[in-house]
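1. Here is my input, please return the structure:
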Amino acid sequence: MAGAFEEAVAAHRAGDFETAERGYRAFAHHPVALHNLAVLYNAAGRFAEAEAAFRKVLKAKPDFAASEHSLAMLWLGAGRYAQGWPAYEGPPAVPGAYLPPAPDLPEWRGEDLRGKRLRVYGEQGFGDQIQLSRLFPALTQLGAEVSFVCSPILETLFAPLGITVVGGREGVALPEADCWTLIGSLPWRLDLREATIPPPTDLRVPLGAGGGTGVVVRGRPTHANDANRSLNAEDAARLLALGRDLSPEATGAMDFLETARIVAGLDRVISVDTAIAHLAATLGKPTWILLPARGVDWRWGRQGEGSVWYPTVRLFRQPAHGDWSAVLGEIEARAAD
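-> Next comes the predicted model:
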């Protein structure tokens, strides 16, 4: 299996879906190959086939965490939150995923929180932590004393939230707690539905205007879909012509609070799908987000220009894989209005 399977994986990574599909189908009896085939279907927008393949993997191997997580993403992207949240809650079982160092504490599984000290771990990406921070008030309303262990670069941004915030550095002392949970588990534990999504977090950053447009052309290169979501040099230059580069390398910002203060003075942000887009939208700035045709993140859904998570977001979707030119043309035209 090794040689032919590796060729299929290489074709998949290179974007040659036709060759990859043929290769995976030859080993479709193997859970890993079938999972990869399902991932391919999902990226290609063949959602019914992807769901069927993920289900087949899990029927043969119920503990296949990668398929469970991928199926959750598929359901959430379709707005099927009741199905998606319980499966989304499982990412820590995926090899290499974050697992909180709290072996001495019980995990919170939805029990009564009155009088309890709950430690929440931000195991998700920067943008996810910003997006889901809106759920903390619901925990305090249930009677919990909340502490949040987040990425250090987010610590000062979240400091005004009325909870204890700790940057998760090695050796840092954590607040005492009675139980713990992951921020990615909160939507399930709180039974979040589209109709009950709270407004974005009030980050307590004073807002201004008149600063023009801010632009983000690339996300973190370690992101699994970065090759599709970030712009190449030519397309990046075209977008950067519309405004100020908001990357930390360009602004000198040391953390997200410093970036938030810059964004607060802008009139609009145009960004690829990365954390600064979440930050701008959370601040209530008009935020235009460029979305790839392949691997579009679940939170943006499968169609439409609006977002159920952020009222000030406008989505610009690639009409075909790799076609940023059409997207940039639409953005340029709208920016000129």
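2. Where does the prediction get shaky in the stretch 101-250 of the chain?
-> 101-103 (pLDDT under 70).
3. go with 80
-> 101-103, 170-171 (pLDDT under 80).
4. where do the strands sit along it?
-> According to DSSP state E, counting those that start in this stretch, the stretch 101-250 of the chain carries its strands in the segments 117-121, 145-150, 164-167, 179-182, 213-216, 244-245.
5. residue contacts, the spatially most central residue of the chain?
-> The centroid of the chain falls nearest to Asp128 when counting by CA atoms, centre = their mean (4.7 Å). Contact analysis of Asp128 by CB atoms under 8 Å, 6 or more residues apart in numbering lists 183-184, 278. In short, each C-beta sits where N, CA and C put it, glycine included.
6. thinking again about what came up before, adding mean neighbour count and distance to Arg189, write the strands of the stretch 101-250 of the chain out as a markdown table.
-> Shown next, in a markdown table, are the strands of the stretch 101-250 of the chain (neighbours: other CB atoms under 10 Å; distance: least, CB to CB, whole Å):
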| stretch | mean neighbour count | distance to Arg189 |
| --- | --- | --- |
| strand 117-121 | 23 | 10 |
| strand 145-150 | 23 | 13 |
| strand 164-167 | 19 | 19 |
| strand 179-182 | 21 | 7 |
| strand 213-216 | 24 | 32 |
| strand 244-245 | 15 | 39 |
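7. got those strands as JSON lines, with distance to Arg334 columns?
-> Formatted as JSON lines, the strands of the stretch 101-250 of the chain follow (distance: least, CB to CB, whole Å):
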{"stretch": "strand 117-121", "distance to Arg334": "38"}
{"stretch": "strand 145-150", "distance to Arg334": "35"}
{"stretch": "strand 164-167", "distance to Arg334": "37"}
{"stretch": "strand 179-182", "distance to Arg334": "38"}
{"stretch": "strand 213-216", "distance to Arg334": "12"}
{"stretch": "strand 244-245", "distance to Arg334": "18"}
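8. closest one to Arg238 among those strands?
-> strand 213-216 (10.3 Å; CB to CB).
9. Since that was my last question, I'll sign off now.
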